[in-house]
Structures are given as structure tokens and as C-alpha cells.
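Novice: Sequence and predicted structure below; questions after.
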Number of protein chains: 2
Amino acid sequence: MVELKAEEIFKEFKQHSVAEFFKKNRQMLGYSGMTRSLVTIVHEYVTNSLDACEEAGILPDIMVKVEGTDENKYRLSVGDNGPGIPKNYIGKVLATILAGTKFHRYMQQRGQQGIGASGCTLFSQITTGKPIKAVSATGTGNGYSCNVSLDTVHNKPVISEYKEVDGARRGLMVEGEFADVKYENSDHGIYEYLRRTALSNPHAQIKLVDPSGQEFAFLRAIDTMPLRPKPIKPHPLGLTVNDLIDFAQVSDSRKLSSFLVDTFSRFSQDKANEIGGIAKDVDLSKAPKDISWADAEALVKAFKQVKWISPDATSVIPIGEEQVKVAIKNILNPEFMNVVERKPRVFRGGVPFIVEAAVAYGGNAGKKTSEGYEGNILRFANRVPLLFDSGTCAITAAAKTVDWKRYNIDIENQPISVFINVSSVYIPYSGVGKEAISQEDEIIDEIKLAIMEAARGVQRYISGKMHINHETNKYKTITRYTEQLAKDLADLTGEDKARIDKSLAKLVTKHYPKAMIQGEDEDGEVTAENAPDDGEEAEEQE
Amino acid sequence: MVELKAEEIFKEFKQHSVAEFFKKNRQMLGYSGMTRSLVTIVHEYVTNSLDACEEAGILPDIMVKVEGTDENKYRLSVGDNGPGIPKNYIGKVLATILAGTKFHRYMQQRGQQGIGASGCTLFSQITTGKPIKAVSATGTGNGYSCNVSLDTVHNKPVISEYKEVDGARRGLMVEGEFADVKYENSDHGIYEYLRRTALSNPHAQIKLVDPSGQEFAFLRAIDTMPLRPKPIKPHPLGLTVNDLIDFAQVSDSRKLSSFLVDTFSRFSQDKANEIGGIAKDVDLSKAPKDISWADAEALVKAFKQVKWISPDATSVIPIGEEQVKVAIKNILNPEFMNVVERKPRVFRGGVPFIVEAAVAYGGNAGKKTSEGYEGNILRFANRVPLLFDSGTCAITAAAKTVDWKRYNIDIENQPISVFINVSSVYIPYSGVGKEAISQEDEIIDEIKLAIMEAARGVQRYISGKMHINHETNKYKTITRYTEQLAKDLADLTGEDKARIDKSLAKLVTKHYPKAMIQGEDEDGEVTAENAPDDGEEAEEQE
């Protein structure tokens, strides 16, 4: 048995940049499978465009264009009417992993990581060797265009062919060529991704030109901007001991007590005194920088022993009940729907989040199959559609535990779409590719309650529909029977058949009034108008 | 509508270190849920120990100790008899993310990333504020002990309390205190993780002291070291254009042609000439550093047009059929099993991998439930058990598509364990936490074939067993019936009842010979000896 000397074993150790790591493990960024890889690129760019427009207060107009250039090779561009990117930031945003990030802000946004767009540059580079072309204009003065690539060894941008561009339209346009990808018209393709993006962003206008040159438009359904999320102070209940120390290290406050009041939400001087009364061993007059682990631990423990006003919900901006209705009407045009916006909750002690849920029935809801229909779950996090990794997602996990039968819903065979959007200042994604929400118990529980509430609202409609179908069948059977009966009675009694028929019909109609109405509807569809009026009706769009 | 100036929007941009990123997103490293978090720590340390022992040619002795120190707070240590870590490397291994890595080597190993152990340090730090203590000795001269923590802002190690230690035993011991974790005795707990590690590493001895002080030992089942994987040259079919350029940039060869022959496996001068004949536009006499994207693209295209000897399979070391049998016998002690080692295959064009599969029946196979048994899938990648994220794993995906009924297997109700190990120089994990294999089509297909082959081998046994049960029931029924018949016949004919009984019994036994044998087995168990002899029998351990 040869024992290698430890020195010998370790001499092969090297340090790698985060860019090299993801170059080697691109599937972790969502680049696995040709269809998924192409959607991942669209996902990263569109997410960034929506975030930038939102922050600048601009109603987004986004254009996605996909052209085939060779087998499994496409040129893809995404253009927006957003604020553009100042030239001194373009390299950080598009070609430095973990640089174009605002994840230190405690604020709701779609992108969080500063990985996505640089990941696209990396992917273009390793599959076609080409840089990403960017054209940007901020709307004031000239714009510029340039090519951006990523020096993976140093995780640094390389900018080339920089040019000023006269009179460029405000916004950002990025274009790249990518191989090992495929445009597919499926549940996991770009069209479906954009359709769902339109569903969760009714204020956005999104156009797609597919590789055949066909143009699709998801029109803006609402002309008002979503409320602007604001950075908020963290809530004391959401803090770990380590968080508290990190905040203390960068604080300008003179004393621990004023640091607490200044840094955290719902923290008054009274609260500081109350906390001081519990954590007696902590000297609140010491400088924040001198806080010890024991101090911080005692404080965090004390935080959990006093009453707090809930976290500031204004920091979490859901899509909004009315907006979801308009969007669903616009995109799914269902027979019936129920939309629920739940109250803010917290997970991990103090991170606020809001769940919105809708259950839509009929129209373009659900998924057509060869045997009829099946229900589908439309997952969103901060308005971003999640198309992949449903198996590890908190939303799927929650939907699985719902007892659908209780709501007369046959999720496997009915045209049902279940829409779920989770909004938060921090979405705990399970992976770097951000395709699933980590299965935190509090999040799963809240999603389940939201789905149940939404399902309750359609239950009466679906029961009603089933009941009406049942009555219609009975009505038809009896009607057939009454005709023969009227004839027989007429023969037997010598009475006028028409008269007997009419009075029998009257009798039957009295028993099955709904079926009568239904019976007059040629294609057997129930319209929202004649359905039981519990729950929300699909609204007409004006 | 207020339009924020772009400059204003981007001024909040910051660059973050990879350590800060994972501090914020610890669930991506596997730190989500208290039980899983504790298993993740054990997983990282044990994996490193096994890798280090293997590289040093040492039969591993590993000791895992878990002690509760407070509510959801544990002290955990992992000690091994490996080569230790030279003091100038300890900070890189334990406290620099992406530093302690050998992922540039093209060689099979359990750890690949240089993230795991540093992730543990990060987790200890953010949950208890404490460093990791390390004691290391290389077996020659003195060892040392020190505390290691991670400066997350700069992704750099901080070493404190460094001490030389006289006469320390060879190996590495790491110890840390972690909060937000829980020791649980479940399918997803540490005991199960180590049991499965023993199953895939029969050459290792693993001990566990649980929080109650109870000691468990998984004894070494095989006294020989696994074959040592060697770094290999990459196969031409596994190269992307970008890979080729990267290799060319660091090559010392004078010409492109010699670079190809020197760098890649199965590449002879003849092959270089053949390639040159196809990629006519590429000047193979130019310096490797001058290769253009077009050159590389033409070469990679040409690689796909010539015949190659398959990738060098000696680089991929499976556990081995005999070793798997011994391990399964040792840990699951099944009634019957079939073990299959498949031939090497490639994915992504040229990355070699080998799948091993076993289906075991009875004994401790499967999972006991309140209603009996259910089958379970034991997933492994390079001998490392995968306990989480089964929903996104290629192994689960493959097992789902197997038509178990074809093999008379009722995977939901029988005591069946399906064991799958995928070995490769590069496992495409779906996430940084390395808990699932990305769903590459070629990998899924090969796993499915492996499972089917293994299942075929137990089919006859299970059919036989079911057939015997069926015969036994018939035999019993008929025996009950013959007794009455013998009595009736005796009354009717005046013949001796015992004689009639005996000759009837003889008749019945002739028809159901297996049932007779079975009938004599008190507890109704079929032993391997009387089962149909197709497939592999569970071997006795010597």
C-alpha cells in the first residue's frame, strides 16, 4: 500500500474564480437541456428589463427575438425601453459574476444575485465563442454600443468595439449567439415563459418574434405602474445572531441602544429599554462595534420574548387582486375564477412575504391533452414565472397536500389553472438557477392556505356546474319520457296531446329550472351569469 | 411618473464575494431545514475524509460524533486516519470557497468543488459565531491544531490558536458547533447517511456516536483498497469548442498537431493527419496559442466525423460487482439480490461514466411501514449517498420510467431496495449542494437499462416466490378438502380412512411439490436454496 505524502496530494490544489466554477458547472445556472438553456437566457434578460423599468418608473415594452443561425444555434436579442445602463456599469452587469448585484439591499426585486446576465455571457462564450453585444441609451444625450465578454480566470469583464451611438432610443438591447440550445413550442418553451410573464406583469407589453419570423404580442392589460417596493429596515424577529453582528460592524451609531433603534424596523427607544431589561448582561451603552457573540445572542433571544408590530408590509408588493383578475382574463379568459390576496406573513422569524393565489376554470385554463384536460400549476416568485424544477419547489409541495376533492376539483381531469405568486424582499431559492422556492415550512403552509381559500371560491361554481349537468341529463331523460307519456295519455283519455304535453312540460320545468336554461344553451356551456353567484366571476374587460 | 436616472439606479451596485453570496443563500449549499443541515455537514466532512484516504492509499477509519449542547445546537466532530492536511493548506481547504479544489483535474473524486468544507465553516460561523477546530497530523513528525474561520467579505481564511501537537495520531479531526440543526433518526438523518456510505464504501469503517451517547459501527466488509482513479486525458468527443481553446492556451506544444496528440486521449499522429484532412482550412502547424474560434470549431466538427476508440474506462472506478454484493449482504442482508455492473458509457459526447445497479429483496431491504413494506431507491454518485432533492435527480427520473410490473415487482408494497451508483470523472450535479444528478438524457437512459437488467435477475426469484405462495395456498385448501373426502370415502366404501388419506395426500403432493417443502417451513419464508436458481443468490459472508 503506497501512502502518498500529504504535501504531494495537496500540491495540486488551486483556487478558482466563481466564473470558472460556473463555467464547469453550467447546469447549476439552468443551462441543462437545450430547450431549458434557451429559456434560461430569456428569463435572465427579461427579468433584468422588468426590474430596471420598475425601478425607473417606466411601463415596460420588451421585445424578444429569436433567429436560428445553424443547427441548435440561435441569435437571441432582448430589447427594452428601460433606463439603460451607464457605460461604467455595463461590464459589471453583463460580465462579472456577483458584481451587478444589489442583494445587500433589503428590498423586493426579481433579480437578486448578480449572476444571471453574466451567466448568459459565459454561456454564449463557451458555446459560440462570441461576446454579447449591448446597445444602451439612457434617453439623455447619446447612447453607446459595445461587445462584452468575460475573462473567467479573473472574473472580470472585457469590453471591445465601444462606440457612441447617435440618437439611440432609450433602453437596453442585448444580443448574443448561443449554441447547444433549441427553440421549442412546449410547456417549457420561450412562448410559454413569456405568456406567464405577461400573466404576472399585466403592466408590461411583451413581443416575441420566433425563429419562423412569426410575431406574437402579449398586450399591456393595465396602464398603471406597480407600486414601487422600497428598501426597508430588517425586522428584529428575522435577525440571526450573525446578522446582528454584521449590522453592528458597519453602524455609525454611538451606542448599541441607538444602533438598534436606527437600524431595525419597529424598534423604539421604549423597545430598547424593554430589551435591556431582559438582556441584563448586555451593556447597551457600549459601541456597536464592540458587540460580542454572547451580547448578540442574548439580544436575539430577548427579541423573541417581547411583542412586536409585524414587519412592514409596504415593503412587499404583491401583483394585486384586481391586476391578477385582469391579467388572467387577458391571458386565460376562463369561464370562472377566484383570486385571493393573503395578508403578509413572515418566515425565518421576520422575513415578510405575501402569497397570491387564483384558481381559474375553463377557457384557456388548464392544459389540453389528447384525452381532454388536465389542471396545471403556474408558479411565480416576485412575478417571475418558474418553469423548471417543480419537484423541489415549495409551491408544488403545497399544492400536493391540498385535498382537491373537498372543493369538487378534479385537478387531473379538469381545465383548471392554479396561479401562485410569492412576493418577498428575499425569496429563498433552492438553487442558483432560481427555478424553485426552497421548502420552508412557513412558506408551504401559507401557500396551502392560499390555494384552499382560492379553491373554496370556485367550489360552488364547479359544484353548480356539475349539479346543472346532472339536472340537464335528468331533464332530458324525463322529457323523452313525457313525450311518450303524453301520447299514451292522449290515446287513453281522448284528451288533446298538445295540452297534456304542455302541462307535463310545465311540471318538469318547475322541478328542473336550471336545466331548462341550460337546455337552451346549444353547446352545453354554463356561462358565469347563470352559475351560482358565490365566488368571483370572470370580469369582462373594458 | 418619476423616471429615476440610470446613474442613480446603478450607484447601489456592489460586488460581493462568493462567500457572501452563499452566506446569504445558504439553502443552496444544502443548509435548509434543521435535519438536512446537520446531514450536510457530515456529508461534506466524510466525503473529504474518504477522498483523502483513497488518494493516500489508506483504508479509512472514520469517527463521527454528535453531541447536543443546547436546543437545536450540536457539537459535531469527524475524525479520520487519513493523510492529514499540511498546515499551509488548512485555510484553503476549510475556509476559502473555491480554493481547496482540484476540479481542474480530469479525475474521478467524491468532492469536486472546493465549496463543501468551507461551507461548513461558514455555517458554524453564522449560527454560533464559532470557528472550526482542526487537528491534523501527517504521521511523520508533529501535528498541529488550530481554529479556522472565514472572512466572508474577502473570502479568505482566518487562522487562530495555532499550536504544534506532540505525537498526534495521523489523520484529520475537525470539530465545530452548529445551531439551527437537529439530530433526527429518520430516512434523512445522519445514521441513514452513514449506513448508505458504508453500503457504497465497503472498504471503510465508520463509527457514529449519537447525541444519546450510543455508539454504532459499520464494520469494514472488504480489506482491499478500491482501485485508484487516475487523472486521464480528455477524450476528443467530450470536448466543446471552448474546451479546446482553453487547453490550447495553456499548452507547451509547438504545433497544433502535436498539441492534439499530447493533450487528448486516443489521439495518434495518424488521427491528427486524418483530422487535418477533414478540417482543411485549419493550419495544424500553427502554434496552439494562435488557435481561432473558427479553427477550434472546425476541429471539433472533424472530431465527430472520424472513428475513435471509446474513452479510457480505467479512469472511472465503479465499486465493483463483488464489493457491492458483500456490502449489500453486510448492510441489508437480503433474501436475494442481483447486482449489475454496466459497461462504460459516455455523456455530452465524451465524458465516461459507469452505472452499477442492484435490486435486493427481503431482509433489511426496502422500508418498513405501518402497513408492511415499501421499496426504496438508494442513490449514489461516486459512492456518495444522495439523500435529498430526489425529485430533480436523474436516478429517480430513470427509476420512475421502469415498468416494474414486467419484473413482477410491486415497488410500492414489497421489501425491495434499488441501489444505483453512478461513477464518473465528472458528475453533473444539478445544484451546488450536490444532492441530485442533472437529468442528462444519456445518463437517464443508461440508469434505466441498468435497473432493468438488475430487475430481470430478481424477477424469477420473485415470480417463484409468488408462485410458491400461490401453490401453498392451493395445497392447504386441497389438504383441508382431502381430509373430509377421505372420511366420506371411508364411510361410503368401508375402506380404511388412513389408507385413503395417505394415497390422496400422495396425489396432492405430486401436484404441488414446492408447496410441500414450503409447507414444512414454519415461518413461511423461502430461502435462497429452494428458490428458482436464476439470478444471483445472496452470498454468505465468510
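Specialist: Cool, the structure landed.
Novice: Would you pull up how far stretch A:107-115 lies from the middle of the chain?
Specialist: Put simply, stretch A:107-115 sits 13 Å off its chain's centre (Cα atoms, centre = their mean, to the nearest Å).
Novice: Now do that stretch: everything it contacts.
Specialist: Applying Cβ atoms under 8 Å, 6 or more residues apart in numbering or on different chains, the contact partners of stretch A:107-115 are A:22, A:29, A:44, A:47-48, A:50-51, A:55, A:96-103, A:229-232, A:315-317, A:382-384, A:423-427, A:429, A:432, A:434, B:15-16, B:21, B:25. C-beta: built from backbone N, CA, C; applies to glycine.
Novice: With stretch A:346-354 instead?
Specialist: A:234-239, A:304, A:310-313, A:315-316, A:318, A:341-345, A:422-428, A:440, A:442-443, A:446.
Novice: Just the buried positions in that stretch, please.
Specialist: For stretch A:346-354, a neighbour-count test (16 or more other Cβ atoms under 10 Å in any protein chain shown) marks A:346-347, A:349-354 as buried.
Novice: now stretch A:297-310
Specialist: For stretch A:297-310, by 16+ other Cβ under 10 Å, it's A:297-300, A:302-303, A:308.
Novice: cool, stretch A:335-343 as well?
Specialist: Residues of stretch A:335-343 classed as buried: A:335-342 (neighbour count, 16+ other Cβ under 10 Å).
Novice: Centre of the chain to it, how far?
Specialist: 16 Å.
Novice: Same question for stretch A:369-385.
Specialist: From the chain centre to the centre of stretch A:369-385 is a distance of 12 Å (Cα atoms, centre = their mean).
Novice: ok so, going back, go through the buried residues of stretch A:335-343 and name the one nearest chain B.
Specialist: residue A:342 (22.7 Å; Cβ to the nearest Cβ).
Novice: Quick check, that closest one in contact with residue A:453.
Specialist: Yes. Between residue A:342 and residue A:453 there is a contact at 7.3 Å, judged by Cβ atoms under 8 Å.
Novice: what touches both of these two?
Specialist: The overlap between the contact sets of residue A:342 and residue A:453 (Cβ under 8 Å, 6+ apart) consists of residue A:357.
Novice: list the contacts for the closest residue to chain B within the stretch 251-400 of chain A?
Specialist: With Cβ to the nearest Cβ, the shortest gap between the stretch 251-400 of chain A and chain B falls at residue A:391, namely 2.5 Å. When contacts are counted by Cβ under 8 Å, 6+ apart, residue A:391 touches A:436, B:389-392.
Novice: Return the backbone torsion pair for it.
Specialist: phi -60, psi -20 (degrees, to the nearest 10).
Novice: quick revisit: so which of the contacts of residue A:391 are in helices?
Specialist: Among those, DSSP state H puts none in helices.
Novice: Let me know the helix or strand that residue A:74 is in.
Specialist: Assigned by DSSP states H and E, residue A:74 belongs to strand A:73-79.
Novice: Quickly check: stretch A:281-292 near chain B or not.
Specialist: No. Residues of stretch A:281-292 contacting chain B under Cβ under 8 Å from any Cβ of the partner chain: none, with a closest distance of 8.6 Å.
Novice: should've said stretch A:427-440
Specialist: Yes. Against chain B, stretch A:427-440 shows contacts by Cβ under 8 Å from any Cβ at A:428-432, A:438-440.
Novice: Report the backbone C-alpha coordinates of that stretch in CSV.
Specialist: Extracted in CSV, the C-alpha atoms of stretch A:427-440 (Å, rounded to 0.1, in the frame of the first residue of the first chain):
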residue,chain,number,x,y,z
ILE,A,427,-37.1,34.6,-1.9
PRO,A,428,-35.2,31.6,-0.7
TYR,A,429,-34.5,30.0,-4.0
SER,A,430,-33.3,26.4,-3.7
GLY,A,431,-30.7,26.8,-6.4
VAL,A,432,-28.5,29.4,-8.2
GLY,A,433,-30.7,29.0,-11.3
LYS,A,434,-33.7,30.3,-9.3
GLU,A,435,-36.3,27.9,-10.6
ALA,A,436,-37.8,26.7,-7.3
ILE,A,437,-38.6,28.1,-3.9
SER,A,438,-36.9,26.3,-1.0
GLN,A,439,-39.3,24.2,1.0
GLU,A,440,-39.5,26.3,4.2
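Novice: Just checking the distance from it to the centre of its chain.
Specialist: That offset, for stretch A:427-440, works out to 12 Å (Cα atoms, centre = their mean).
Novice: which residues are contacting it?
Specialist: Contacts to stretch A:427-440, defined as Cβ under 8 Å, 6+ apart, come from residues A:22, A:28-30, A:40, A:112-113, A:115-116, A:347-348, A:353, A:379, A:381-382, A:384, A:386-397, A:422, A:443, B:25, B:27-28, B:32-33, B:389, B:430-432.
Novice: So which of these sit within helices?
Specialist: A:22, A:40, A:116, A:394-397, A:443.
Novice: Can you tell me which of the residues you listed is nearest residue B:279?
Specialist: residue A:22 (30.0 Å; Cβ to Cβ).
Novice: OK, contacts around that closest one?
Specialist: A:28-29, A:97, A:115, A:119, A:122, A:432.
Novice: most surrounded residue in those?
Specialist: Scoring those on neighbours with other Cβ atoms under 10 Å in any protein chain shown, the highest-scoring entry is residue A:97 at 30 neighbours.
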